[in-house]
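Q: Show me the folded form of this:
(4 chains)
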Number of protein chains: 2
Amino acid sequence: MLKAAFREVKEIIRDRIVEGVWKPGELIPNEIDLAVEFGCARATVNRAVRELAEEGLVERRRKAGTRVLASPVRRAQFEIPIVRKEIESQGQIYRHAVVGQKVNKAPDWLRARMNLDIGALALHVTCVHYGDNNPYQFEDRWINLAALPHAADADFTKTGPNEWLIEAVPYSDAEISFSATAADKELASYLDCAVGDPLFLAERSTWWRGDAITYVRMTFQRGHRMTTKY
Amino acid sequence: MLKAAFREVKEIIRDRIVEGVWKPGELIPNEIDLAVEFGCARATVNRAVRELAEEGLVERRRKAGTRVLASPVRRAQFEIPIVRKEIESQGQIYRHAVVGQKVNKAPDWLRARMNLDIGALALHVTCVHYGDNNPYQFEDRWINLAALPHAADADFTKTGPNEWLIEAVPYSDAEISFSATAADKELASYLDCAVGDPLFLAERSTWWRGDAITYVRMTFQRGHRMTTKY
DNA sequence: TAGTGGTCTAGACCACCAC
DNA sequence: TGGTGGTCTAGACCACTAT
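A: Residues are numbered from 1 along each chain as shown, chains lettered A, B, ... in the order given. Predicted coordinates for the structure are as follows:
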């Protein structure tokens, strides 16, 4: 058997959908009929169709059956690597420099975002990540000291705050968002670009069982792109 | 049974990993032992651990066993909706305006990108998508007329080119990339912003079995963000 | 209420690959 | 070459929900 049976079944069904044999909005045969047609067990068909549903090509409901989606929900998936690995995977030499590290009272916007009490303390760390000595990313991070008190004493010169955090604490939830921003004077100097240049910005908040861990703004060098196939 | 058994098993294993019971780099027990421990069938354990592997938390190899990954590969997933649905899902009223539609000889950069022959014809369509009459996205699209000859006669005033394409042709491969760009004069006028403003840009190429279908640049209004949880 | 998908089981055989 | 995961099967019961 060259392929697993459920993969074969999956491909056949996928082809029938993209070729229009089963059109958007229509029902496809039920699992038992498909199992008979393909000469396999119902569980095999189930796995094939279940995976197609996870990919957003069909929609399944008990009793109602399996329906071909009119406009398949397309999903793109991005890997979120550690910046060091991202740089090294491009064959460049990584280094980073900590340019700021201070304990602050969390500003209001941060308290709102991370759901912190009034007067809560946060560690503010900023650093620049380089690939082959060219600035690659400016990292502007806040760490909730109520959740991670020993972060205050950490040394981020050897291990960057991102990698330090990964080893120090797991997280249960994360939210990431991407946008465009204009370089201000600080960004322009760290990222070696002009004030006003359009820069790609990623922001991430992470949580561990309801407690905010960290919020970080990662601003990339001019011309940075995030690409994926799907 | 409140939860499916395989989900329970999955959560227990996930907890043991994040709690450090099974540490990064270590092997976890094999499927048979886990099945005995949890009092279920091996297939149930298999599904649980297989899904954890798909999520990037563990790595599985025959004979070698299942290993906890040192730095779990984090993946963020974005849904790529049709712009009309994206706008409508925000409770806004959608409309679009076609601002350009012309058959051209494909320029060199496009021929290189889409792998077209010299002299190949492409349809160039531009349009603006509005939410509640505010500009939301500027769409700048090229369609390969060798692959889709009847696109030349299409009327995009009722159905935008993106939705028209979805109905007209499936695709087997797509590549999408995100970046930041500065508004030029044309973008500034269509998106009602200042020249030089930083804008979020998405570019997508789609293919059907080796043939390029379309390439599109989607530039969003100022301040646009793309967000997801993971 | 009946039809459909969701899940589980016990057992089986196979493919891979570290040893 | 033996241990591990990968897959398949036949059958069963259950959960949801359209009708």
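
Q: Report the next helix or strand after the helix or strand bottoming out on mean pLDDT in chain A in sequence order.
A: Least confident helix or strand, chain A: strand A:74-80 with a mean of 83, by mean pLDDT, DSSP states H and E. Counting by DSSP states H and E, the element after strand A:74-80 in chain order, helix or strand, is helix A:83-88.

Q: The residue nearest to the spatial centre of chain A: what's it in contact with?
A: Centre of chain A computed as the mean C-alpha position; nearest residue by C-alpha atoms, centre = their mean is residue A:80, 5.0 Å away. Residue A:80 makes contact with A:176, B:74-76, B:230, according to C-beta atoms under 8 Å, 6 or more residues apart in numbering or on different chains. Bear in mind the C-beta positions are built from the backbone N, C-alpha and C, glycine included.

Q: which one of these is nearest DNA strand D?
A: Using C-beta to the nearest atom of the strand, residue B:75 comes nearest to DNA strand D of the contacts of residue A:80, at 18.2 Å.

Q: Let me see the contact set for the closest one.
A: With the criterion set at C-beta under 8 Å, 6+ apart, residue B:75 makes contact with A:77-80, B:55-56, B:230.

Q: Let me know the closest of those to residue B:190.
A: residue A:78 (28.1 Å; C-beta to C-beta).

Q: can you pull up the bridge partners for that closest one?
A: Taking DSSP bridges as the rule, residue A:78 bridges to residue B:76.

Q: so who does the residue of chain A found nearest DNA strand D touch?
A: As assessed by C-beta to the nearest atom of the strand, DNA strand D sits closest to residue A:5 within chain A, at 2.6 Å. By C-beta under 8 Å, 6+ apart, the contact list for residue A:5 reads A:38, A:40, A:44.

Q: which SS state does residue A:12 fall under?
A: Using DSSP: H, G, I helix; E, B strand; the rest coil, the structure places residue A:12 in helix.

Q: For it, give me the pLDDT.
A: For residue A:12, the pLDDT comes out at 96.

Q: Next one: it from chain B, what distance?
A: 15 Å (C-beta to the nearest C-beta, to the nearest Å).

Q: was I right about that residue contacting residue A:38?
A: Yes - counting by C-beta atoms under 8 Å, residue A:38 is a contact partner of residue A:12 at 7.4 Å.

Q: Flag the shaky bits of chain A, pLDDT-wise.
A: A:1-2 (pLDDT under 70).

Q: one more time with 80, if that's ok
A: Low-confidence segments of chain A, defined by pLDDT under 80: A:1-3, A:71-74, A:167-172.

Q: In it, which residue sits nearest DNA strand C?
A: Nearest residue of chain A to DNA strand C (C-beta to the nearest atom of the strand) works out as residue A:63 at 2.7 Å.

Q: Quick check: phi and psi at that residue.
A: phi 70, psi -40 (degrees, to the nearest 10).

Q: where's it relative to residue A:49, distance?
A: According to C-beta to C-beta, to the nearest Å, residue A:63 stands 15 Å off from residue A:49.
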